[in-house]
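Asks: how would this look folded up:
(4 chains)
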There are 4 protein chains.
Amino acid sequence: MQDALVIAGKELKSRLFVGTGKFADHQEMKMALKEANADVVTVAVRRVDLSGEDQYILNDIPDKMTLMPNTSGARNAEEAVRIAHLAKAAGMGNWIKIEVISDNKYLLPNNHETLKATQQLVDEGFVVLPYMNPDLIVARQLEEAGAAAVMPLGSPIGSNRGIRMKEMIQIMIDEANVPIVVDAGIGRPSEAAEAMEMGADAVLVNTAIATANDPAQMAQAFDMAVKAGRAGYISGLGPTSTQAKASSPLTGFLNS
Amino acid sequence: MQDALVIAGKELKSRLFVGTGKFADHQEMKMALKEANADVVTVAVRRVDLSGEDQYILNDIPDKMTLMPNTSGARNAEEAVRIAHLAKAAGMGNWIKIEVISDNKYLLPNNHETLKATQQLVDEGFVVLPYMNPDLIVARQLEEAGAAAVMPLGSPIGSNRGIRMKEMIQIMIDEANVPIVVDAGIGRPSEAAEAMEMGADAVLVNTAIATANDPAQMAQAFDMAVKAGRAGYISGLGPTSTQAKASSPLTGFLNS
Amino acid sequence: MQDALVIAGKELKSRLFVGTGKFADHQEMKMALKEANADVVTVAVRRVDLSGEDQYILNDIPDKMTLMPNTSGARNAEEAVRIAHLAKAAGMGNWIKIEVISDNKYLLPNNHETLKATQQLVDEGFVVLPYMNPDLIVARQLEEAGAAAVMPLGSPIGSNRGIRMKEMIQIMIDEANVPIVVDAGIGRPSEAAEAMEMGADAVLVNTAIATANDPAQMAQAFDMAVKAGRAGYISGLGPTSTQAKASSPLTGFLNS
Amino acid sequence: MQDALVIAGKELKSRLFVGTGKFADHQEMKMALKEANADVVTVAVRRVDLSGEDQYILNDIPDKMTLMPNTSGARNAEEAVRIAHLAKAAGMGNWIKIEVISDNKYLLPNNHETLKATQQLVDEGFVVLPYMNPDLIVARQLEEAGAAAVMPLGSPIGSNRGIRMKEMIQIMIDEANVPIVVDAGIGRPSEAAEAMEMGADAVLVNTAIATANDPAQMAQAFDMAVKAGRAGYISGLGPTSTQAKASSPLTGFLNS
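Replies: As a prediction, this is how the structure comes out:
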């Protein structure tokens, strides 16, 4: 089927975005990235050895993937902007995932600082994908500011708790015009499929893959789940009903 | 991966079972069966033209699939047994899905009559897969009676409401030794994936495929979702937590 | 409001039934029973000192309460009937809650043995309230057998997990004519209120009260919650909608 | 029990706040307010006949209630402030519930404009209770700005959909120091009880009461439900478990 997601003019074949944190080692990460079959990968700029000498995490990311450095560690717009500049200077391209975190325990994003950083970095020519607390009003402001997509959290980062903020994410999907990438909290393949069935444009998964017993196989599982959920969405899900509906058109009993 | 489901000595490559009811026409059904990539297909014996002359539904079922005729329309054990005999006499093989329905509105199974029919048909050499109301005690009795698998309902037939009886189905998966095939109510690919992540051995899907706008594509979606959920289960799902866990091992803020 | 529940000709002012297990001591139980303001209390016949000498649990149950001895410990119909006879012989009245448990880990009821015991004890003149796995077909059979009410489990006994079997319990409430008392698993006042809003006739609560830090106050909480849920049900719950509906008839903005 | 909620030095005996919209007529509203037994009532300033001649809605609000006028209709901070000034000038006291709505379909609050209005009105001496999209970071900013309480939405206004934003509201309850009043979306008494069991300080209910068949009785139901949920919270809810736990200390079977 013809169903590519286009972000900033780039046609993405996969709607699964992946992260690079929490893997036991680089080898495990490499295998998982390969099996995930993703087009977009995020990496914390702070984790990259910017002096570029050895054990460079970027070496383990396949060339064909689109790199989306993130501003993890930033506490306000200014710090996020500074990290974005570092990323660009280090040759990491012009995509940037904005993370401005104001809470250490739940790692919750600061929507207002995120909006400020988005405005500035869009003006500078970056392709900006902000991580956010689900909020239709802020999503529209980010859209207006030129965000290439918005990334609402399903539940706290790394919690594997699934799409707990479903109510607002569904409203964002139904009402906003910018692509919605559900980020954070997706812990199971079925939850990634569910996000796609809701009409999300993509999902980002990291912890669920990295903390599985077999990360490479789990990456495959998410690849299939995202495709399955998207195909379900496009195929037109049937209606639900409280009563039963016989699967057969012959509903009578045997001797009737 | 080596992960075949074996039922009655038959190795099944797919854990998706499909039904044949509710399709707009035979052509649509044929295409959906092809795309579902399933090994087992159920058909109501009552729908089959047993005189065998034309428009025979069985002609539209690929030869390589295992036929699982069902006793839809039976109101008690005796009627179910009679339908099973008809199926065998008509050359439909020796697999039989027992459906004994005692309620017309929700099409709910009668567990006790189902158990009686199972006992008799196992004694006669059938491979018996009973549809049932989720109940660990009855599942164990069916297992003892020789059922090849048990098929608890997720929610009422054709309702597309998902796995609403999750509590008891999970207990059955954890405690029973007979294979568990979640049947009835699965309305979305994500719900099929969820059943597999719970540890179910297979799922049966009919209405969700047949009532989609594009049944063939929806069949593909379920094929992928079942594989995704199973792969997730086997890969070892990571733990959930109420608090956030940073995806990066570097949890400090930028300037700290 | 005139809204008494009548069981076996007895008018019950409270729709909260309570149990006597798991309390730290008799004093704590006494206070909780007092604050629960319930009309019906269940006690395991096996716990009663049938020789009747001292520390008799029945002495701590207020006289005005209707005693509903239960057959906890029975593994089949025969044992349940035997315990019912013991209870009657010991002067515990003619109400009996049938518990036939076939699983030690989840304490799940055996519906078929429960039905057999119900049939026999109704014939003998008992007022029979069977504990059961939620199942509309069995509920109708129990009704036909003369059960005074049926008591489906919300989730496993003592789990405090709430009404996880909601789908089938709601169907039972909507379709059966016998009173429905949701029993087992209710862990919070809100869950008791929810059962009443669903249209259940009563709930039985034990563990949630007995294992609270302050059982007497928790008993009060459940008393109020059951009344609240029932009043909500009777008042006619308003419809839900996916979109917002302004609370004020004036929906325009300030200057418009 | 000694468990009053104190807001701005005022001791509130009831944790149920009520609204005045959507009632069929003033008489129905009066009766519902009486039965709700609430201390705080909100009224849209726009609905009040500020010329003060007749059919004045305020005349139908019992004198002992604390009036909390709201800025419904405001689209930004400036308009909210203007409405607050009108309310004060009209003698409606110094409490103000800030509603700044930026979406007509779901009536969603604009958190950033709400924060600006809060800062200004606190500075002017108002007791400010802002309606907000659940967001821990914004809750802390509102707290710092001097909000007397914060009012996160459970689901869209008037939807009766319950506490769908539970994940973030629970985090706010656990982490913020300002009182949390769950506002909007609560459609059933059990949902009000649930908010209290989560540890919320109060709830505001309007549509669920006003659109019931019998608003006065539904008001009673909510009064009891809030008390029940609060008592449950204070009593210390028992732990949940996946397995069963026998209610009786005697777990053995009859003959063992």
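Asks: Extract the residue ranges of the stretch 151-256 of chain A that are flagged as low pLDDT.
Replies: Low-confidence segments of the stretch 151-256 of chain A, defined by pLDDT under 70, are located at A:245-256.
Asks: which outside residues touch stretch A:9-19?
Replies: The set of residues external to stretch A:9-19 that reach it, using C-beta atoms under 8 Å, 6 or more residues apart in numbering or on different chains, is A:4-6, A:32-33, A:36-43, A:66, A:68, A:181, A:183, A:192, A:196, A:201-207, A:209-210, A:219, A:222-223, A:226-227, A:230, B:247. Where you see a C-beta, it was placed from the backbone N, CA and C, and this is true even at glycine.
Asks: repeat that with 6 Å
Replies: A:4-5, A:36-42, A:202, A:204, A:206, A:222-223, A:226, A:230, B:247 (C-beta atoms under 6 Å, 6 or more residues apart in numbering or on different chains).
Asks: what's the answer for stretch A:157-174, then?
Replies: A:107, A:134, A:136, A:139, A:152, A:154-155, A:180, A:184-185, A:187, A:191, A:195, A:198-200, A:207-208, B:238, B:240-241, B:244-245, B:247, D:106, D:155, D:164-165, D:167.
Asks: got it, and stretch A:85-95?
Replies: With C-beta under 6 Å, 6+ apart as the criterion, stretch A:85-95 contacts A:V45, A:L50, A:L67, A:M68, A:P69, A:F126, A:V127.
Asks: Mind checking which of those residues are in strands?
Replies: A:L67, A:M68, A:P69, A:V127 (DSSP state E).
Asks: Most neighbours among the residues you listed, please name it.
Replies: A:P69 (26 neighbours; other C-beta atoms under 10 Å in any protein chain shown).
Asks: Who does that residue form a beta bridge with?
Replies: Here A:P69 shows beta-bridge partners A:V43, assigned using DSSP bridges.
Asks: measure it to chain C for me?
Replies: With the distance defined as C-beta to the nearest C-beta, to the nearest Å, A:P69 ends up 38 Å from chain C.
Asks: what's near enough to touch that residue?
Replies: By C-beta under 6 Å, 6+ apart, the contact list for A:P69 reads A:V43, A:V45, A:A87, A:M92, A:I96.
Asks: what secondary structure does A:E79 sit in?
Replies: Local secondary structure at A:E79 is given as helix here, using DSSP: H, G, I helix; E, B strand; the rest coil.
Asks: what's the neighbour count on it?
Replies: A:E79: 18 surrounding residues under other C-beta under 10 Å.
Asks: Quick check: beta-bridge partners of the most centrally placed residue in chain A?
Replies: Using C-alpha atoms, centre = their mean, the residue of chain A that lies closest to the mean C-alpha position is A:L204, 2.4 Å off. According to DSSP bridges, the partner residues bridging A:L204 are A:F17, A:D183.
Asks: Where does the prediction get shaky in the stretch 1-150 of chain A?
Replies: Along the stretch 1-150 of chain A, segments meeting pLDDT under 70 span A:1-2, A:49-56.
Asks: State whether A:A36 and A:A219 are indeed in contact, as I suppose.
Replies: Yes: the pair formed by A:A36 and A:A219 meets the contact definition of C-beta atoms under 6 Å, at 3.8 Å.
Asks: Mind checking which of these two has more residues around it?
Replies: A:A219 (28 against 25).
Asks: and the more buried one, what does it touch?
Replies: Under the criterion of C-beta under 6 Å, 6+ apart, the contact list for A:A219 reads A:A32, A:E35, A:A36, A:I209.
Asks: show me the contacts for the second one.
Replies: For A:E35, the set of contacting residues under the criterion of C-beta under 6 Å, 6+ apart consists of A:A216, A:A219, A:Q220.
Asks: Can I get the host helix or strand of the last one as PDB, trimmed to CA atoms?
Replies: Right, A:Q220. Here A:Q220 sits within helix A:215-235, counting by DSSP states H and E. The C-alpha atoms that make up helix A:215-235 are tabulated as PDB, following Å, rounded to 0.1, in the frame of the first residue of the first chain:
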ATOM      1  CA  PRO A 215      16.000  -6.900  22.300                       C
ATOM      2  CA  ALA A 216      16.500  -7.800  18.700                       C
ATOM      3  CA  GLN A 217      13.400 -10.000  18.600                       C
ATOM      4  CA  MET A 218      11.400  -7.400  20.500                       C
ATOM      5  CA  ALA A 219      12.500  -4.900  17.900                       C
ATOM      6  CA  GLN A 220      11.000  -7.200  15.200                       C
ATOM      7  CA  ALA A 221       7.900  -7.500  17.300                       C
ATOM      8  CA  PHE A 222       7.400  -3.700  17.400                       C
ATOM      9  CA  ASP A 223       8.100  -3.400  13.600                       C
ATOM     10  CA  MET A 224       5.300  -5.900  12.900                       C
ATOM     11  CA  ALA A 225       3.000  -4.400  15.500                       C
ATOM     12  CA  VAL A 226       3.300  -0.900  14.100                       C
ATOM     13  CA  LYS A 227       2.600  -2.200  10.600                       C
ATOM     14  CA  ALA A 228      -0.300  -4.300  11.900                       C
ATOM     15  CA  GLY A 229      -1.900  -1.300  13.700                       C
ATOM     16  CA  ARG A 230      -1.500   1.000  10.800                       C
ATOM     17  CA  ALA A 231      -3.000  -1.600   8.400                       C
ATOM     18  CA  GLY A 232      -5.900  -2.000  10.800                       C
ATOM     19  CA  TYR A 233      -6.500   1.700  10.900                       C
ATOM     20  CA  ILE A 234      -6.400   2.000   7.100                       C
ATOM     21  CA  SER A 235      -8.600  -1.100   6.600                       C
END
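Asks: now the angle between helix B:215-235 and it, please.
Replies: Taking axes from the mean of the first three to the mean of the last three C-alpha atoms, to 10 degrees, one finds helix A:215-235 and helix B:215-235 inclined to each other by 160 degrees.
Asks: can you give me the offset of helix A:215-235 from its chain's centre?
Replies: Between the mean C-alpha point of helix A:215-235 and the mean C-alpha point of its chain there is a distance of 14 Å (C-alpha atoms, centre = their mean, to the nearest Å).
Asks: Stretch A:150-163 too?
Replies: Distance, centroid of stretch A:150-163 to centroid of chain: 9 Å (C-alpha atoms, centre = their mean).
Asks: Let's see the distance spanning that stretch from one end to the other.
Replies: When the termini of stretch A:150-163 are compared using C-alpha to C-alpha, to the nearest Å, they are 16 Å apart.
Asks: List the buried residues of that stretch.
Replies: Of all the residues in stretch A:150-163, those buried under the rule 16 or more other C-beta atoms under 10 Å in any protein chain shown are A:150-163.
Asks: same deal with stretch A:201-220?
Replies: Of the residues in stretch A:201-220, those buried by neighbour count under the rule 16+ other C-beta under 10 Å are A:201-212, A:214-220.
Asks: can you check stretch A:129-146 too?
Replies: Within stretch A:129-146, the residues that qualify as buried by neighbour count (16+ other C-beta under 10 Å) are A:129-143, A:145.
Asks: Run through the residues that contact A:P215.
Replies: A:E28, A:A32, A:I209.
Asks: Can you tell me which of these comes closest to B:G21?
Replies: Distance from B:G21 was checked for each of the contacts of A:P215 by C-beta to C-beta. The minimum falls on A:I209, at 37.8 Å.
Asks: tell me which parts of chain A are close to chain D?
Replies: When proximity is defined by C-beta under 6 Å from any C-beta of the partner chain, chain A lies next to chain D at A:102-103, A:106, A:108, A:110, A:112, A:133, A:135-137, A:155, A:164-165, A:167, A:171.
Asks: from those residues, which is closest to D:A74?
Replies: Using C-beta to C-beta, A:I137 is the member of the residues of chain A next to chain D that sits closest to D:A74, with 13.7 Å.
Asks: does the closest one really touch D:N104, like I thought?
Replies: No: under the criterion of C-beta under 6 Å, A:I137 lies out of contact with D:N104, with a separation of 11.9 Å.
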